[in-house]
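Trainee: Whatever this is, show me its structure:
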Amino acid sequence: MAELVCVGCGPGDPELLTVKAVNAINAADTIMCPASNEDRPSIVLSIVSDIIDKSKNQEIVRLIFPMTKDKDVLEATWKKNAKIMAEKVLSGKNVVYITIGDPYLYSTWIYMHREIKANHPEMKISVVPGIVSIFSFASKIGVSVAEGAEKVSIIPSCYDLTTVKEIARNSESMIFLKDGRYFDQVIQVLKDAGFPDSSIFAIGQDLGTDHEIIRKMTLGEVSDDTLTTKYFSILVVKRA
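Mentor: Model (predicted):
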């Protein structure tokens, strides 16, 4: 019976791929990967390109996930891509779906899995976890994500500043993921929530790639030229 395997491919550095991830990718007949549009390369495919066994001539299928907040468009996209994925498995092909980070942390896989399980409950599905950017970044900057009884909050975007402030009041560590274009908006919010100027403030973008940028300072030292405008970014703020 053919199998669908989702593989978490880590934050960007191919050396952070697990042995299990490499084995699963090279055992597949078809490798499927997300891309934001037809003209842009798949970031996760670039992570695994060097470990793919070229002699196997595996089929590569790009699934397009448009960058939008339109719920109707998103739901239609999930259904369409889940159908493509399921049909390939039902045709007898072992399929691997590769995703950045871990499959169960803000990943397109979550929606694919939900759709496929609802329509094909008999399908054999397994998941290979991956290293997430949070822990890769913590290792690079030498800052603990949490210690003792500290509370950690993960924010996937900074659009709702009122919610960010409420969460910040009750957190020792704040981790903002994905959209660096909005990081500048949270600085005053964090200060208003009681984070002192001496708090650790660290930004990373394009982790694990040749274009990686990491900046670490205190909250009081932040200026416009220390911020980032890249989508794939991470911001860690730890209360002093």
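Trainee: What residues does the nearest residue to Ala27 once chain neighbours are set aside make contact with?
Mentor: Leaving aside its sequence neighbours, Ala27 sits nearest to Asn94 (C-beta to C-beta, 6 or more residues apart in numbering; 6.6 Å). Yep, even glycine has a C-beta here, placed from its N, CA and C like the rest. Asn94 makes contact with 2-3, 5, 27-30, according to C-beta atoms under 8 Å, 6 or more residues apart in numbering.
Trainee: Tell me the pLDDT of Cys158.
Mentor: pLDDT for Cys158: 65.
Trainee: what do you get for Met1?
Mentor: Here, the pLDDT recorded for Met1 equals 85.
Trainee: Distance-wise, check it relative to Lys83.
Mentor: Using C-beta to C-beta, to the nearest Å, Met1 is found at 19 Å from Lys83.
Trainee: Those two: which is more packed in?
Mentor: Lys83 (15 against 8; other C-beta atoms under 10 Å).
Trainee: Mind listing what's buried along the helix or strand where the more buried one lies?
Mentor: Using DSSP states H and E, Lys83 falls within helix 71-90. Neighbour counts over helix 71-90 (16 or more other C-beta atoms under 10 Å) mark 77-78, 81-82, 85-86, 88-89 as buried.
Trainee: Show the average pLDDT along that helix.
Mentor: Taken as a whole, helix 71-90 has a mean pLDDT of 97.
Trainee: List only buried entries from the contacts of Asn94.
Mentor: Buried, going by 16+ other C-beta under 10 Å: 3, 5, 28-30, out of the contacts of Asn94.
Trainee: where are the low-confidence patches of this protein?
Mentor: With pLDDT under 70 as the threshold, the chain has low-confidence stretches at 158-159, 179-180, 224-231.
Trainee: now do 80
Mentor: The chain contains residues with pLDDT under 80 at 157-159, 178-184, 224-232.
Trainee: how does it divide into domains?
Mentor: 3-128, 133-238 (automatic domain parsing).
Trainee: so how far is the longest one off the chain centroid?
Mentor: Computed by C-alpha atoms, centre = their mean, to the nearest Å, the separation of domain 3-128 from the middle of its chain amounts to 13 Å.
Trainee: Span of stretch 43-54 from start to end?
Mentor: Stretch 43-54 has its terminal residues 19 Å apart, counting by C-alpha to C-alpha, to the nearest Å.
Trainee: ugh, wrong one, stretch 5-20
Mentor: Terminal residues of stretch 5-20 lie 11 Å apart, using C-alpha to C-alpha.
Trainee: And it, what's buried?
Mentor: Buried positions in stretch 5-20, judged by neighbour count with 16+ other C-beta under 10 Å: 5-12, 14, 16-18.
Trainee: got it, and stretch 233-240?
Mentor: So stretch 233-240, judged by 16+ other C-beta under 10 Å, has buried residues 233-239.
Trainee: Just name the closest of these to Met123, please.
Mentor: Nearest to Met123, judged by C-beta to C-beta, of those is Ile234 at 33.6 Å.
Trainee: On the three-state scheme, that closest one is what?
Mentor: Three-state call for Ile234 (DSSP: H, G, I helix; E, B strand; the rest coil): strand.
Trainee: So which residues of the chain form strands?
Mentor: Taking DSSP state E as the test, the strands found in the chain are 3-8, 30-35, 59-64, 95-99, 124-128, 152-155, 173-178, 200-205, 213-218, 233-238.
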